[in-house]
Structure formats: C-alpha cells, structure tokens
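Trainee: fold the following for me, if possible:
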Amino acid sequence: MMQSDAKGNWHDSKGRFMDKPKRIPNDVAPPMPYQSARDRCIEYAKRQNIDLIWKAASIEVRGLTFPETEEIYAGVNPENDQEVRKVLTVNNIKRAWEFLLEHSDDWLDWHYLSEYNRICGQYLEKEPGAMRNRPVSITGTD
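Mentor: Here you go, the predicted model:
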C-alpha cells in the first residue's frame, strides 16, 4: 500500500520512496477518435457562434447586447430604425463566419481576405473588399 507524506512524497509500507501511483478510474470514457486542432477549433467556432459574433460586433457597434445579437441572428429585426447598423453588422459578421467555415480549406491569399472583408463591410463601408487608402478608426478608441 502506498501513502503520501506531508511533503507530497509517495512511499510504500516499508517507507521506501516511490513514484506517484498512476490510477486509472473505472469510469474513464473510451478513447475518442483522433481530432486535429483545426477540427476542434472549427467545432468550437460552430458551438460558440453567437457569442463570437456578439464579441466581434460589439467592437464595431457601441451598446450591442447579447440578447439583441441572438434576436438578430435568429432573423428578428429590432423595431427601432436606428438599430439598422447593429442588424447589418451582426448579419455581416454572421455571413463572414459562414464564409470562413465553408472555406476553411482554402489558401489564405488576397482574394480570400478581400472577399472576407467585402462580406464584413457590405452596406456599411465604402468599397468593402478593396484596399483602403484612407484612415480607418475603431469605435471607442483614439
């Protein structure tokens, strides 16, 4: 029988030091099939989609709440016409995530990035997807 002393050292019944015992619980789940880090990231993005959209959209639109994001994601438009920028931003980011997940095997090049940018900025920016030659700002920053 092995025991641990006050310093965390393990030893047997005769006092000899031993390595920490390796116990495998009886209720361990069977090993899962191999899943790459890339696949785990894609699975996570799909599970956390609304939260990721809300966090990205909150950078662009001040005062966007998670419940508003859930409603817009589900297709419910706010009654206030001044909320148009929120709706466009959430829907664009939603479509951008769909694009990323559908094209996750594509090469990352200028065409890929410009299409992603075009989706994000559609109806919100002048010439989305084109190289900008003017200053760009982020809401809430100097």
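
Trainee: mind pulling up the pLDDT for Gln82?
Mentor: The per-residue pLDDT reported for Gln82 equals 65.

Trainee: how about the one 5 residues further on?
Mentor: Taken from the predicted model, the pLDDT recorded for Val87 is 93.

Trainee: pretty sure it contacts Val76?
Mentor: No: if you go by CB atoms under 8 Å, Val87 and Val76 don't touch, sitting 9.6 Å apart. Bear in mind the C-beta positions are built from the backbone N, C-alpha and C, glycine included.

Trainee: between these two, which has more neighbouring residues?
Mentor: Taking neighbours as other CB atoms under 10 Å, Val87 and Val76 compare with Val87 leading, 17 against 11.

Trainee: that one: what's it in contact with?
Mentor: Going by CB atoms under 8 Å, 6 or more residues apart in numbering, Val87 touches 72, 77-78.
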